[in-house]
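J.: this one's structure only:
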Ligand code: RFL
Ligand code: PHB
């Protein structure tokens, strides 16, 4: 089989890239190791920056998002005795959208169906070959057990943190940071008890109240990295959330917990994001801890750049944009890596009294200084495309 671009991975990065390329008249085949049902059910991100929404909309996949997504003006930061609302629209003129990654993935999957392009779900033994040549190719075993080969002009590695693409970058420099805590993530059938997301500093550990819709809420609790989920009964989860999110006479509504899992936290950047005719985008090249809500947005921003660069290269032969891709993408990656690291270290409990005081001082500054609040708003609501 021949195509112009083989995309490895049908997460949001791979699906959006294929759709943008299709809009531009470029052929792409996706090879994905999981089933479509699995990919569309994987619960992950919930927050979209306005520039991500604009990109999805301009790609023709923003209709349901605008109808069913929830536009948010800002967030609350809280610590014992204080809950401070940050109105990002007032501060920097833009807010964020709550729309689950599951929904983004379904919308992109439907767009790809309409584009009529080929996707191999359930592929195994996916391998990249000759990425330094003009004719790289990908081999894999498809769902029926047949060995396949797809020849192309470009390979896009959109295969997430555990995919095979990154290993083909010969002189990759990898920089990473592990955090001494993890998140217990909980999905519950209960209306949100808050109008905006609450990020709570607490002496017993960070807690967060997020949401997915008017009837489904999402919560996170700071736990140890090796935490056994079996130790967390629904009652224990609600009582810990009630304690860490407590504020004045505010009450947390509780409901049926439908999913719970422990999520590791790390920062990770692979540079460069290119080798020959292989380009990485999204989590295959970088991971941020979820506290800043940046992972999905960074994947979308990478793909916005990469689609334009590949379109230009494949249609005109110009290498200007593909040559600039890695450096341009990494500028935003490092900004978001810093912001996510800062949100994470400011809000989580390190078990050190000196750190506690630095964190509380930072939170008080954010709540009292418009200049500090603007910095938070600018980063959280997201920098413009092309930053
Ligand atoms: P994905 O979504 O991991 O997709 C990669 C795809 O590649 C496939 N794959 C392979 N395919 C073929 N062959 C192989 N050998 C393969 N190996 C893997 C995988 O099956 C998968 O389908 O990466 P992508 O597309 O780059 O998208 C990145 C986002 O998924 C990720 O950054 C976000 O989910 C991060 N994230 C958040 N981001 C936000 O912007 N806002 C948030 O609020 C937010 N919250 C979160 C998050 C991530 C979380 N977890 C679980 C990591 C909350 C959580 C809890
Ligand atoms: C989520 O709703 O899953 C979510 C929201 C904001 C974050 C992280 C996760 O910072």
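T.: Perfect, I can see it now. Bear in mind the structure is a predicted one, so any value in this text is a computation, not a measurement. Numbering: from 1, shown residues only. Ligands and ions are numbered 1, 2, ... in the order given.

J.: Show me what from the stretch 1-150 of the chain comes close to ligand 2.
T.: 45-47 (Cβ under 6 Å from any ligand atom). Where you see a C-beta, it was placed from the backbone N, CA and C, and this is true even at glycine.

J.: Restrict these to the buried ones and give me that as a ChimeraX selection.
T.: Buried members of those can be picked out in ChimeraX with the line below, counting by 16 or more other Cβ atoms under 10 Å:
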select :45,46,47
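
J.: In strands only, show me the residues of the stretch 1-150 of the chain next to ligand 2.
T.: With strands taken from DSSP state E, the overlap with those comprises residue 47.

J.: Relative to ligand 1, which of the residues of the stretch 1-150 of the chain next to ligand 2 is nearest.
T.: Within those, distances to ligand 1 taken as Cβ to the nearest ligand atom reach their minimum at residue 45, with 3.0 Å.

J.: that older thread, any chance of JSON lines for the residues of the stretch 1-150 of the chain next to ligand 2, columns pLDDT?
T.: As requested, these are exported to JSON lines (pLDDT from 0 to 100):
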{"residue": "45", "pLDDT": "80"}
{"residue": "46", "pLDDT": "84"}
{"residue": "47", "pLDDT": "94"}
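
J.: which one of the residues of the stretch 1-150 of the chain next to ligand 2 is nearest ligand 2?
T.: Nearest member of those to ligand 2, counting by Cβ to the nearest ligand atom, is residue 46, at 2.7 Å.

J.: and the closest one, what is it in contact with?
T.: The contact partners of residue 46, by Cβ atoms under 8 Å, 6 or more residues apart in numbering, come to 98-101, 210-212, 218, 293.

J.: again, but for residue 155
T.: Applying Cβ under 8 Å, 6+ apart to residue 155 gives the contacts 5-8, 128, 131, 136, 138, 165, 277-279.

J.: Now do the residue at the greatest distance from the centre of the chain against residue 83, distance only.
T.: Distance from the C-alpha centroid of the chain, by Cα atoms, centre = their mean, peaks at residue 249 (33.9 Å). Distance of residue 249 to residue 83, given as Cβ to Cβ, to the nearest Å: 12 Å.

J.: quick one: least confident helix or strand in this protein?
T.: helix 36-41 (a mean of 91; mean pLDDT, DSSP states H and E).

J.: Of the contacts of residue 46, which ones also sit close to ligand 1?
T.: Restricting the contacts of residue 46 to those near ligand 1 by Cβ under 6 Å from any ligand atom leaves 101, 293.

J.: Name the member of the contacts of residue 46 with the most neighbours.
T.: residue 99 (27 neighbours; other Cβ atoms under 10 Å).

J.: Compute the distance between it and ligand 1, please.
T.: Distance of residue 99 to ligand 1, computed by Cβ to the nearest ligand atom, to the nearest Å: 10 Å.

J.: Just give the number of residues close to the closest residue to that residue other than its chain neighbours.
T.: Spatial nearest neighbour of residue 99, excluding adjacent residues (Cβ to Cβ, 6 or more residues apart in numbering): residue 69 at 3.6 Å. Neighbour count for residue 69, taken as other Cβ under 10 Å: 20.

J.: Can you identify the element that follows the host helix or strand of residue 330 toward the C-terminus?
T.: Using DSSP states H and E, residue 330 maps to helix 320-347. Once helix 320-347 ends, the next helix or strand along the chain (criterion: DSSP H and E) is helix 353-368.

J.: and residue 201, what does it touch?
T.: Going by Cβ under 8 Å, 6+ apart, residue 201 touches 77-79, 346-347, 349, 359-360, 363.

J.: Tell me what the residue in the stretch 51-200 of the chain positioned nearest to ligand 2 is bridged to.
T.: Residue nearest to ligand 2 within the stretch 51-200 of the chain (Cβ to the nearest ligand atom): residue 197, separated by 5.8 Å. Beta-bridge partners recorded for residue 197 (DSSP bridges): residue 75.

J.: can you pull the buried residues of the helix or strand where residue 112 lies?
T.: Secondary structure assignment for residue 112, by DSSP H and E: helix 101-115. Of the residues in helix 101-115, 101-109, 111-112 count as buried by neighbour count, 16+ other Cβ under 10 Å.

J.: Identify, from those, the entry nearest to ligand 1.
T.: Using Cβ to the nearest ligand atom, residue 101 comes nearest to ligand 1 of the buried residues of helix 101-115, at 5.3 Å.

J.: Might one say that residue 212 is in contact with residue 69?
T.: No - judged on Cβ atoms under 8 Å, residue 212 makes no contact with residue 69 at a distance of 10.3 Å.

J.: related to what we said a few turns ago, give me the buried subset of the contacts of residue 201.
T.: If we count by 16+ other Cβ under 10 Å, the contacts of residue 201 have these buried: 77-79, 346-347, 349, 359, 363.

J.: Those residues into CSV, with extra columns for pLDDT?
T.: Shown next, in CSV, are the buried ones among the contacts of residue 201 (pLDDT from 0 to 100):
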residue, pLDDT
77, 98
78, 98
79, 98
346, 98
347, 98
349, 97
359, 98
363, 98
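
J.: tell me the two of these that are most distant?
T.: 77 and 349 (15.1 Å; Cβ to Cβ).

J.: Kindly report the residues of the stretch 151-300 of the chain close to ligand 1.
T.: Counting by Cβ under 6 Å from any ligand atom, the stretch 151-300 of the chain sits next to ligand 1 at 158-160, 162-164, 185, 263, 282-283, 290, 293-297, 299.
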